[in-house]
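K.L.:
My questions concern the predicted model and sequence given below.
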Amino acid sequence: MSSIETKSRVFSGVRANARPHVGNYLGAIKGMVELQDKFDCIFSVVDLHTVLVPYDPKTLQQSIRDVVLDYLGAGLDPKKCHITIQSHLAAEHLELAYYLGCVYPVSRIEDLPTYKEKKAQYPDYINVGLLYYPILMAADILLYNAELVPIGIDNEPHLEVAREMARKFNGMYGTKLVEPKRYATTGGSVPSLVGEGKMSKSKGGTIILTDSLEEIKAVLAKAVTDSGQGDKFPETGPAANLVTFVELFEGHDKAQQYRSMYKESGIRYGDLKAELAEAIYKELQPIQEKRKYFEEHPEEVDKILADGKEYAQKIARETLEEVRQKMGLV
Ligand code: ADP
């Protein structure tokens, strides 16, 4: 039984609504891999967040497992970090979320852009759980007193909520909940290939971590393009999005070449997409090989999750004990 590490702590999680895509990988999972060498890391599949929006109970267990396999394939090393399933620690996460929710204004949650987006996306499913999303996310992090959170830019407003909650709670009860900061990776906002904004599970057009070269080519073939030429390289839109992908997977120099090409001979998107597909696949292939190993050794994965739960639960219970005492509940 391992004792609790004294190193600074890191927490992050990915939902199990759909297969993790390269946005999740570059914005969050790659950051987790980077941090596991130096910090005491807990990385979770946040399945309690998955059930806030419409989902299929019949496939949920497989979806959760797929995220775990992607984590391991991407390089999370169970010797260096702890992997948990949030619902295996539901009592702890939900208890803290309830206490945090008791001190936080509804109006502040209603103002969050992500809440407004979800409301627009699921107009027939605006349930209380949706309001609880940022509260539960704050609890996920504050429960472990995590100082650093590797997550995409889209999640920054939620982290601000977590900091506000920690401050308010500490002010009211004299607890010492830690205010978390975002750990930024170079791919903090991977653009969508099919529409506005960031690549997202709910929009489709995603490149998932197990895609073959052919599948990557097929997604890129559908990516929106423009004429490929103009006086000024655009800051937003199809050219900007595709060249951001080039920057992330083929490097800055290659991206600059395309930016110049746009103002001169013009970008030939067929060529760009073909090279980009190869570069993405080159990054994903080793992930897929490692993932396959764990897929073929389910008992190892079960052990990793059991160890992760045991470790995380010790920390979570310590935090809750302190919170309950300070709140006068014991
Ligand atoms: P999604 O936002 O795709 O539905 P999650 O909510 O499970 O997926 O997000 C998991 C992690 O991936 C979070 O840290 C989130 O900020 C990050 N993330 C999601 N989409 C992107 C993206 N397009 N670019 C960078 N990071 C992203």
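P.N.:
Alright, I've got the coordinates.

K.L.:
ok, and the closest non-adjacent residue to the closest residue to the ligand within the stretch 1-150 of the chain?
P.N.:
Closest residue of the stretch 1-150 of the chain to the ligand, CB to the nearest ligand atom: residue 27 (2.0 Å). Yep, even glycine has a C-beta here, placed from its N, CA and C like the rest. Spatial nearest neighbour of residue 27, excluding adjacent residues (CB to CB, 6 or more residues apart in numbering): residue 152 at 3.3 Å.

K.L.:
now residue 45
P.N.:
residue 67 (4.5 Å).

K.L.:
and the lowest-mean-pLDDT helix or strand in the chain, what does it pack onto?
P.N.:
Scoring the helices and strands of the chain by mean pLDDT, DSSP states H and E places helix 113-121 at the bottom, with a mean of 88. Secondary-structure packing of helix 113-121 (3 or more CB pairs under 8 Å, 6 or more residues apart in numbering; DSSP states H and E): helix 128-142, helix 156-173.

K.L.:
and the shortest one, what does it pack onto?
P.N.:
Contact partners of helix 128-142 among helices and strands, from 3+ CB pairs under 8 Å, 6+ apart: strand 9-14, helix 47-50, helix 90-102, helix 106-110, helix 113-121, helix 156-173.

K.L.:
Is any residue of the following helix or strand past it near the ligand?
P.N.:
Following helix 128-142 in sequence order, the next helix or strand is strand 148-150 (DSSP states H and E). No: using CB under 6 Å from any ligand atom, strand 148-150 never reaches the ligand; the gap is at least 7.1 Å.

K.L.:
in strand 148-150, what's buried?
P.N.:
148-150 (16 or more other CB atoms under 10 Å).

K.L.:
Going by proximity to the ligand, name the top residue of the stretch 201-330 of the chain.
P.N.:
Counting by CB to the nearest ligand atom, the stretch 201-330 of the chain gets nearest the ligand through residue 201, at 4.0 Å.

K.L.:
Quick one: neighbours of that residue, just the number.
P.N.:
17 (other CB atoms under 10 Å).

K.L.:
Same question for residue 275.
P.N.:
For residue 275, using other CB under 10 Å, the count is 14.

K.L.:
give the contact list for it.
P.N.:
residue 250 (CB atoms under 8 Å, 6 or more residues apart in numbering).

K.L.:
Spell out which helix or strand contains it, please.
P.N.:
helix 269-295.

K.L.:
next helix or strand past that helix?
P.N.:
helix 298-326.
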